[in-house]
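Colleague: Kindly return the folded structure for what I paste below:
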Amino acid sequence: MKVRFLLALLFPFSLLAQQDLIRPYANLITDGIPDIPVSVKQELQRYSESRSASFADWHPKNKQMLISTRFGSVAQLHSLNMPLGARKQLTFFEDAISDATYEPVNGKYFLFTKDQAGNEFGQIYRYDIAAGEIALLTDGGRSQNGGIRWSKDGKQVVFSSTMRNGADRDIYIMDPLKPESKKLLIENKGGGWSVADWSPDGRQLLIMDYRSANESHYWVANVESGIKTPLTDTSVHGVSLGQARFSRNGSGIFYETDAESEFKRLAFMDLNTRKVKYLTNIPWDVESFDLSADGRTVVFTSNEEGLSKLYQLNVAAGVVKEIKSLSSGVYGSPSIHSNGRLIAITVNAHHSPADIYTVDLITLKATRWTESEMGGLVSSRLIQPKLIRWKSFDDRNISGFYYPAPAAFKGKRPVIINIHGGPEGQSRPVFLGGTNYFINELGIAMIFPNVRGSSGFGKSFLAMDNGFNREHSVRDIGSLLGWIEKQPELDASRVMVTGGSYGGYMTLAVLTNYPDAIKCGIDVVGISNFNTFLKNTESYRRDLRRVEYGDERDPAMYKFLEDISPLNNAGKIKSPLFIVQGGNDPRVPRTEAEQMAAGVKSRGGVIWYLEAKDEGHGFRKKANADYQRWATVMFIRKYLLD
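Modeller: Numbers count the residues shown, from 1 in each chain. Sure thing, here's the model as predicted:
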C-alpha cells in the first residue's frame with residue numbers, strides 16, 4: 001500500500017491511474033469507445049438504480065399476486081401478498097421474466113415464459129409452488145411459444161408456437177401437468193396467429209389472425225376437431241382488432257375494433273346473429289380491458305393524447321363511468337380478481353417508475369401495492385413534459401413530448417431528439433429513469449416526437465408512413481428541426497438524434513437527410529437497409545414487416561428501399577455516430593449494425609460501436625445497460641456538448 005501511495009504521488013497520470021478506468025466486460029464487443037473513468041459511473045450512480053414493478057397475475061383464490069421486478073441483474077417473478085408487503089422472489093434466472101399465469105382454479109402452480117440471452121425464443125415453464133420446482137414444458141429450441149390461455153377448469157392450456165417450421169405460428173393444446181400430452185391442434189399459415197380466449201363451455205377457441213397494425217381478423221375454432229371458421233369477413237381490409245373475451249355465457253364476445261371509426265372502440269358481437277353493438281364512443285383508442293368473472297363489469301383503459309384513463313362499464317345498463325382515483329400517467333392492462341371487486345393495474349408516470357395499484361370497484365378507492373425504489377432520485381426534481389405540436393411539410397400537425405432543461409441552466413440549451421420504435425409505437429410521458437441525467441445534470445432539453453405512423457392518433461395517421469411513404473416520417477423530424485430553430489431557449493446548432501429499433505432507422509435516416517443540422521447520433525438496434533433487414537429478420541416476422549415497410553420482392557419497392565437505405569447513403573453522414581446492438585437480436589439482426597458501422601468507417605466517419613453478446617433487441621441486463629449508459633454520457637459530452 002505504501003509503494004502504491006508513493007507511486008501515485010510521483011506519477012499521478014501513470015499506468016497506475018488506469019485502475020480508475022472502466023474497460024468493457026468480456027461479453028461486450030466495442031470499437032472506438034474510450035476507457036470510461038470511474039467518475040462517470042459515480043456521477044450516474046443514483047440515475048442507474050431505480051426499479052419498476054409490473055403486474056403478472058392474480059391468485060385465483062387468495063388476495064395475492066405475481067409481479068415482475070428487478071433486485072439483481074434482470075427482472076424476475078415475485079409473490080406479493082398484501083399492499084406494500086414484502087416481495088418474495090420466486091425465480092432466479094440470468095434472463096428476464098415478466099409474464100406469468102396461475103392455474104385458474106386452485107393456483108397450486110403457474111406457467112411462465114422465458115427466452116435465452118434476449119433471443120426471443122420463449123419457452124413455457126411450470127413452477128410448482130409447494131415444491132419450488134421448475135419444469136420446461138416446450139421444446140427448448142429455436143421456437144417461440146407463448147400466448148397461454150387456460151380452459152376454465154384449469155386442466156388444459158392452448159398456446160401459439162412456431163415449433164413446426166419456425167415461420168408459421170400454430171396453436172397447440174397441452175395438459176401442463178403432462179407435457180407429453182402436447183399436440184398440434186390448429187395448423188396456420190403466417191406469423192401473426194394467437195388465441196384470444198377459451199369459451200366458458202370449453203368447446204371453442206377465439207383466435208386472432210394479426211396481419212398488420214391496420215388489419216386483423218377473428219376466427220372461431222372447435223377444440224375437439226381443430227377446425228376453424230372466420231368470424232370476421234377476411235375480404236374486408238383496413239380494420240384492426242384488439243383484445244377479445246367471450247361473454248360469461250359464451251353467446252358473444254367483447255372486443256376492441258376500429259371498424260367504422262378512426263379509433264378502437266369497445267364492442268360486443270352476438271355470435272349467433274353476428275350483430276355488433278358499440279359500447280364506447282371515446283374519440284381515442286380503447287387500449288385494454290378485462291371482464292369480471294360474473295360477466296357484469298368491464299374495466300378498460302383509453303389512450304388519450306398519450307395519457308391513460310380508466311373506465312368502468314356496467315354491462316347490463318350499458319353505462320360507462322370514468323374511475324378517477326388513480327394518479328395521472330400511463331396505465332397497463334387492468335386485471336379483475338376472481339372476487340369481481342378488485343382490479344390490479346400498473347401505473348407509470350414521469351415522476352415515478354411503474355408500480356402496481358389496485359382499485360376497489362365498489363368504493364373506487366385506489367391502494368398502492370408496490371413502491372419501487374428510485375435510486376436516490378427525487379420526484380419533485382424530475383421535469384414534467386409539455387405536449388408540443390408543429391406543422392410538417394404537408395401542413396399536418398405532428399406532436400411530441402418536450403422536456404425543457406431546468407431553469408438553473410442558462411443560455412440556449414442543446415437538444416436530444418429521441419424517436420420511438422415500432423414503427424407503430426408511441427412516445428408517452430413515462431418515467432425516464434437514467435435518461436433524467438441528461439436533463440437534470442447536463443441541462444439538455446429532450447423531445448420525444450410522435451411522427452406519422454405512430455399509434456394513438458387514429459388508423460389513418462398510423463398508415464401514413466407505409467411503403468413508398470417511408471421518408472415522410474423522416475421529413476416530420478426535418479420540420480421539428482425547424483421548430484427547434486424558432487425556440488429562443490434551444491440551440492439549433494447542438495442537436496443529437498437517437499432512437500431504438502425503427503427509431504434507430506429514423507436516427508440513421510435523419511443523419512443522411514439532414515447532415516448539416518445534426519451534431520451527432522446514437523442508433524440502438526436500428527435498421528440500416530430494409531432489403532437486408534427483410535432478408536435476415538426471423539422468418540415468423542418477415543411477412544408482417546413487409547406490410548409495413550413494403551415487399552422487397554417487388555422490383556420497384558426493392559429499388560425504392562435501396563435508394564432510401566441509410567447504408568447506401570452512409571457517405572452523406574457528417575456527424576459522429578454511436579451504434580448499439582444486441583448479438584442475439586432476432587428482430588433486427590446484428591448484421592444491420594455491423595454493415596452500417598463498416599460503411600461509415602470506410603468513408604472516414606467517426607464510429608463508436610457497442611455489441612453485447614448476451615442481449616437481444618435492446619439491453620435488459622443491468623451491467624450491460626449501465627455500460628451503455630456510461631458510454632452514452634461520454635459520447636454526448638464529447639460530440640454534443642463539446
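Colleague: Only C-alpha atoms from now on, for both contacts and neighbour counts.
Modeller: Will do.
Colleague: Show me which positions of the helix or strand harbouring residue 183 end up buried.
Modeller: If you go by DSSP states H and E, residue 183 is part of strand 178-186. Applying a neighbour-count criterion of 16 or more other Cα atoms under 10 Å, one finds 182, 184, 185, 186 buried in strand 178-186.
Colleague: now do stretch 83-101
Modeller: Along stretch 83-101, these residues count as buried under the neighbour rule (16+ other Cα under 10 Å): 83, 87, 89, 91, 95, 96, 97, 98, 99, 100, 101.
Colleague: And the average pLDDT for that stretch is what?
Modeller: For stretch 83-101, the mean per-residue pLDDT is 95.
Colleague: follow-up on the earlier one: contacts for the strand holding residue 183 next, please.
Modeller: 137-138, 170-175, 223, 225-228 (Cα atoms under 8 Å, 6 or more residues apart in numbering).
Colleague: same check, this time on stretch 111-130
Modeller: 95-97, 99-103, 108-110, 133-146, 176, 582, 584-586, 614-617.
Colleague: Can you say which of those residues are buried?
Modeller: In those, burial by neighbour count holds for 95-97, 99-103, 109-110, 134, 136-138, 140, 142-146, 176, 582, 584-586, 614-617, counting by 16+ other Cα under 10 Å.
Colleague: Between the two ends of stretch 396-410, how far is it?
Modeller: Using Cα to Cα, to the nearest Å, the end-to-end distance of stretch 396-410 comes to 33 Å.
Colleague: Which secondary structure elements does the lengthiest helix in the chain sit against?
Modeller: In terms of residue count, the longest helix belonging to the chain (DSSP state H) is helix 622-639. Other helices and strands packing on helix 622-639, by 3 or more Cα pairs under 8 Å, 6 or more residues apart in numbering; DSSP states H and E, are strand 36-37, helix 38-44.
Colleague: could you dump the ones you listed to a markdown table with mean neighbour count?
Modeller: Shown next, in a markdown table, are those (neighbours: other Cα atoms under 10 Å):
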| stretch | mean neighbour count |
| --- | --- |
| strand 36-37 | 18 |
| helix 38-44 | 15 |
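Colleague: Tabulate the ones you listed (CSV), appending distance to residue 416 and mean pLDDT.
Modeller: Compiled in CSV, the helices and strands packed on helix 622-639 are given as follows (distance: least, Cα to Cα, whole Å; pLDDT from 0 to 100):
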stretch, distance to residue 416, mean pLDDT
strand 36-37, 22, 95
helix 38-44, 18, 94
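Colleague: Do a quick rundown of the helices in the stretch 1-150 of the chain.
Modeller: Secondary structure of the stretch 1-150 of the chain (DSSP state H, counting those that start in this stretch): helices located at 2-10, 38-44.
Colleague: which residues touch the last one?
Modeller: When you say that, I think you mean helix 38-44. Here helix 38-44 makes contact (Cα under 8 Å, 6+ apart) with 20, 21, 22, 434, 437, 630, 633.
Colleague: coming back round to it: switch the helices and strands packed on helix 622-639 over to a markdown table, and while doing so, append distance to residue 486 to every line.
Modeller: Output for those, formatted as a markdown table (distance: least, Cα to Cα, whole Å):
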| stretch | distance to residue 486 |
| --- | --- |
| strand 36-37 | 36 |
| helix 38-44 | 32 |
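Colleague: Is residue 394 located within a helix, as I assumed?
Modeller: No - using DSSP: H, G, I helix; E, B strand; the rest coil, the assignment for residue 394 is coil, not a helix.
Colleague: Tell me how many other residues surround it.
Modeller: Close neighbours of residue 394, defined as other Cα atoms under 10 Å, add up to 10.
Colleague: wait, what's in contact with residue 238?
Modeller: 214, 215.
Colleague: host element of it?
Modeller: Element membership for residue 238, per DSSP H and E: none, as it lies in no helix or strand.
Colleague: For it, give me the pLDDT.
Modeller: As predicted, residue 238 sits at a pLDDT of 91.
Colleague: Same check on residue 120?
Modeller: On the pLDDT scale, residue 120 is placed at 87.
Colleague: try the one 3 residues further on
Modeller: Per-residue pLDDT puts residue 123 at 96.
Colleague: That one: how many residues sit nearby?
Modeller: Applying other Cα under 10 Å, we find 22 residues neighbouring residue 123.
Colleague: Show me the beta-bridge partners of it.
Modeller: residue 114 (DSSP bridges).
Colleague: With the one 5 residues further on instead?
Modeller: Beta-bridge partners for residue 128, by DSSP bridges, are residue 109, residue 133.
Colleague: I'd like to know which of the contacts of helix 38-44 is nearest to residue 515.
Modeller: residue 633 (21.9 Å; Cα to Cα).
Colleague: rewinding a little: pipe the buried residues of stretch 83-101 into CSV and attach distance to residue 342 per row.
Modeller: Listed next are those as CSV, based on distance: Cα to Cα, whole Å:
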residue, distance to residue 342
83, 12
87, 20
89, 23
91, 26
95, 31
96, 28
97, 25
98, 22
99, 20
100, 19
101, 17
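Colleague: out of those residues, which are inside strands?
Modeller: Residues of those located in strands (DSSP state E): 89, 100, 101.
Colleague: Might one say that residue 459 is in contact with residue 260?
Modeller: No - assessed by Cα atoms under 8 Å, residue 459 is found out of contact with residue 260, at 10.8 Å.
Colleague: I'd like to know how many residues surround the closest residue to residue 164 other than its chain neighbours.
Modeller: Among residues not flanking residue 164 along the chain, residue 170 sits closest, at 7.7 Å (Cα to Cα, 6 or more residues apart in numbering). Number of residues near residue 170 (other Cα under 10 Å) recorded here: 25.
Colleague: And residue 46, by the same measure?
Modeller: Applying other Cα under 10 Å, we find 16 residues neighbouring residue 46.
Colleague: who touches it in this structure?
Modeller: Neighbour list for residue 46: 374, 375, 376, 377 [criterion: Cα under 8 Å, 6+ apart].
Colleague: Just the buried ones from the residues you listed?
Modeller: By neighbour count, with 16+ other Cα under 10 Å, the contacts of residue 46 hold 374, 377 as buried.
Colleague: Nearest to residue 336, out of the contacts of residue 46: which one, please.
Modeller: Using Cα to Cα, residue 374 is the member of the contacts of residue 46 that lies nearest residue 336, at 28.1 Å.
Colleague: pLDDT averaged over the longest helix of the chain - what is it?
Modeller: Mean predicted confidence for helix 622-639 is 96.
Colleague: And stretch 128-139, by the same measure?
Modeller: Regarding stretch 128-139, the rounded mean pLDDT is 95.
Colleague: Would you pull up how far that stretch lies from the middle of the chain?
Modeller: Centroid separation between stretch 128-139 and its chain, computed with Cα atoms, centre = their mean, to the nearest Å, is 27 Å.
Colleague: What is the linear distance spanned by that stretch between its boundary residues?
Modeller: 19 Å.
Colleague: cool, stretch 139-156 as well?
Modeller: Termini of stretch 139-156 sit 18 Å apart (Cα to Cα).
Colleague: can the ones in strands among the buried residues of stretch 83-101 go into CSV with extra columns for distance to residue 151?
Modeller: Shown next, in CSV, are these (distance: Cα to Cα, whole Å):
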residue, distance to residue 151
89, 28
100, 16
101, 13
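Colleague: For residue 59, state which of the residues you listed is nearest.
Modeller: Distances from residue 59 to these, taken as Cα to Cα, are shortest for residue 101 (8.8 Å).
Colleague: ok, now which ones touch the closest one?
Modeller: Here residue 101 is in contact with 56, 57, 110, 111, 112, 148 (criterion: Cα under 8 Å, 6+ apart).
Colleague: do residue 81 as well
Modeller: 63, 64, 65, 87.
Colleague: still on that earlier bit, just want to know which of residue 459 and residue 260 has more residues nearby.
Modeller: Neighbours per residue (other Cα under 10 Å) separate residue 459 from residue 260, with residue 459 holding more: 23 against 9.
Colleague: That's all I had, so thanks and see you.
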